[in-house]
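> Got a predicted structure here, sequence first:
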Amino acid sequence: MVIRYLEQAFGVASSHPDFRFRGFLFSALILISSGFGFFSFYNAVIDFYPPMLIADLIGFFSCFIGGYYLLVKKQPKVAAAILQLIVTLITFLFILVDGNEEFALAFAFFTPVMGIFLLGYKFGSILSVINFAGIFYFCFTQMGTWQPAPFLSINLIHFSFVYTILLIVSFYYDSSRRKAYQMLAEANVKLQELATTDALTALRNRRYIDDVLLNATSDHYMAMIDVDDFKQVNDQFGHDKGDKILVKLARVLVSSVGAKDIVGRWGGEEFVVIFAEPSLAHVEECLKCLNQHIAATDFGIQRPVTISIGLANHNAKSHKESLRSVDQALYEAKSKGKNTYSIAC
Ligand SMILES: Nc1nc2c(ncn2[C@@H]2O[C@H](COP(=O)(O)OP(=O)(O)OP(=O)(O)O)[C@@H](O)[C@H]2O)c(=O)[nH]1
């Protein structure tokens, strides 16, 4: 229920990698705006202090602008940049105006951690370094006058050390996380490619062809192609030679059809062509060419290799019936004496 509401608010499904990031932004905006709301009240009513009140109010209203970009404009990167700028600016102001108390420096540690997470390790570290330079300069030039205890060089060294460690750890963590995510996405693309490619011929495999056929929004002519007497070829010339013939045959099929037609290996010595062209006359011409090209190709076995082709109209809604028709047409082509085509009526 809550997840569904958040999915709607963020504009992405909970399975989307961005969902967690948007969720973090959303929670951070609520938390930080509540903090600024409370301190606005504190600096206005309990302990009136105009400089901090102004800073708190700027922070409070900026959170709403961030929320607007996150939820209405659906631009999480802009929301993240606003959130981070508020945090960096306000913590910096806090250090400048809060009586130079050493504890104010603790708030500076927000930037190297949050900045890298929200803006990415590149922009996050640039902002962190600028922030650090500003704070360092301020501390270095003012620390002799800090009250109640003077800010000593050793305090500045401690601060610099912790800040640098946090920056390095955050940088390393975020860059590794992003790299791992990118590698995973690339591996998925490769995996998808492997899962839909036939290992022998490098044509699309049956899984891919099935997907195309089932998701087609319009009818297509589909040809089922079977190599004639391939058992004899295997028996006579060996399985390895048979494999080479299938590879060459696949190449001839691809070069004999149009660029938009899809050629796939259905399995064994059966191939499929899905024609992009809706004209039957054009497709029939193509079938004649296929029979002629294959029969005229030299497969290096001192005898021709021929194919039989069945053609049928394929409709995604009656996928199984369409496959039966094309099988029937192929059977007819074989019955007619092979090395020919037949069209399902
Ligand atoms: N070399 C090789 N042979 C295969 C492969 N897949 C299937 N075959 C062979 O293809 C042959 C198909 O034989 P059959 O189904 O009897 O058909 P056919 O000999 O082509 O006869 P018709 O279909 O009637 O023309 C079998 O001998 C299978 O072993 C493959 O990947 N490589």
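Now that the structure is in, tell me what you want to look at. Treat the numbers as computed from the prediction; the structure is a model and nothing was measured.

> Look at the closest residue to I3 other than its chain neighbours and give its secondary structure.
Sequence neighbours aside, S14 is the residue nearest to I3 in space, at 5.2 Å (criterion: CB to CB, 6 or more residues apart in numbering). Yep, even glycine has a C-beta here, placed from its N, CA and C like the rest. Three-state assignment for S14 (DSSP: H, G, I helix; E, B strand; the rest coil): coil.

> S14 against Y5, yeah?
No. S14 is not in contact with Y5 according to CB atoms under 8 Å; the separation is 10.9 Å.

> pLDDT weak spots in the stretch 1-150 of the chain?
Scanning the stretch 1-150 of the chain for pLDDT under 70 picks out the ranges 98-103, 146-150.

> so which strand or helix has the spatially closest residue to V326 that is not a sequence neighbour?
Leaving aside its sequence neighbours, V326 sits nearest to A312 (CB to CB, 6+ apart; 3.9 Å). In this structure, A312 sits in strand 307-314 according to DSSP states H and E.

> Could I get the full set of helices for the stretch 151-300 of the chain?
For the stretch 151-300 of the chain, the helices defined by DSSP state H, counting those that start in this stretch occupy 153-195, 206-215, 230-237, 239-256, 280-296.

> Just give me how far the last one sits from the chain centre.
Between the mean C-alpha point of helix 280-296 and the mean C-alpha point of its chain there is a distance of 40 Å (CA atoms, centre = their mean, to the nearest Å).

> between that helix and helix 239-256, how big is the angle?
Helix 280-296 runs at 140 degrees relative to helix 239-256, counting by axes from the mean of the first three to the mean of the last three CA atoms, to 10 degrees.

> And helix 280-296, what does it pack against?
strand 220-227, helix 239-256, strand 270-275, strand 307-314, strand 341-343 (3 or more CB pairs under 8 Å, 6 or more residues apart in numbering; DSSP states H and E).

> got a list of what the residue nearest to I3 touches?
Contact analysis of S14 by CB atoms under 8 Å, 6 or more residues apart in numbering lists 3, 6-7.

> Just the buried ones from those?
Neighbour counting by 16 or more other CB atoms under 10 Å classes E7 among the contacts of S14 as buried.

> Okay, and which of the contacts of S14 map to helices?
Mapping those onto helices (DSSP state H) picks out 3, 6-7.

> Mind putting those into JSON lines with distance to the ligand?
Output for those, formatted as JSON lines (distance: CB to the nearest ligand atom, whole Å):
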{"residue": "I3", "distance to the ligand": "48"}
{"residue": "L6", "distance to the ligand": "50"}
{"residue": "E7", "distance to the ligand": "46"}
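
> Run through the residues that contact the residue of the chain found nearest the ligand.
Closest residue of the chain to the ligand, CB to the nearest ligand atom: G242 (2.6 Å). Contacts for G242 (CB under 8 Å, 6+ apart) come out as 230, 233-234.

> got TSV for the helices of the stretch 151-300 of the chain, with mean pLDDT and distance to I54 too?
Shown next, in TSV, are those (pLDDT from 0 to 100; distance: least, CB to CB, whole Å):
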stretch	mean pLDDT	distance to I54
helix 153-195	83	26
helix 206-215	95	58
helix 230-237	94	84
helix 239-256	96	70
helix 280-296	95	75
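
> Including distance to R303, could these go into JSON lines?
As requested, those are arranged in JSON lines below (distance: least, CB to CB, whole Å):
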{"stretch": "helix 153-195", "distance to R303": "35"}
{"stretch": "helix 206-215", "distance to R303": "29"}
{"stretch": "helix 230-237", "distance to R303": "8"}
{"stretch": "helix 239-256", "distance to R303": "11"}
{"stretch": "helix 280-296", "distance to R303": "11"}
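
> Would you tell me which of those gets closest to A316?
helix 206-215 (5.7 Å; CB to CB).

> So which bits of the closest one are buried?
Buried residues in helix 206-215, counted by 16+ other CB under 10 Å: 208-210, 212-213.

> contacting residues around that helix?
Under CB under 8 Å, 6+ apart, the answer for helix 206-215 is 195-197, 220, 222, 262, 264-267, 272, 274, 314, 316, 319, 322.

> tell me which of those residues is nearest to V169?
Proximity of the contacts of helix 206-215 to V169 (CB to CB) peaks at A195, which lies at 38.0 Å.

> Correct me if wrong: G120 contacts D174.
Yes. The pair G120 / D174 is scored as a contact, 6.7 Å apart, by CB under 8 Å.
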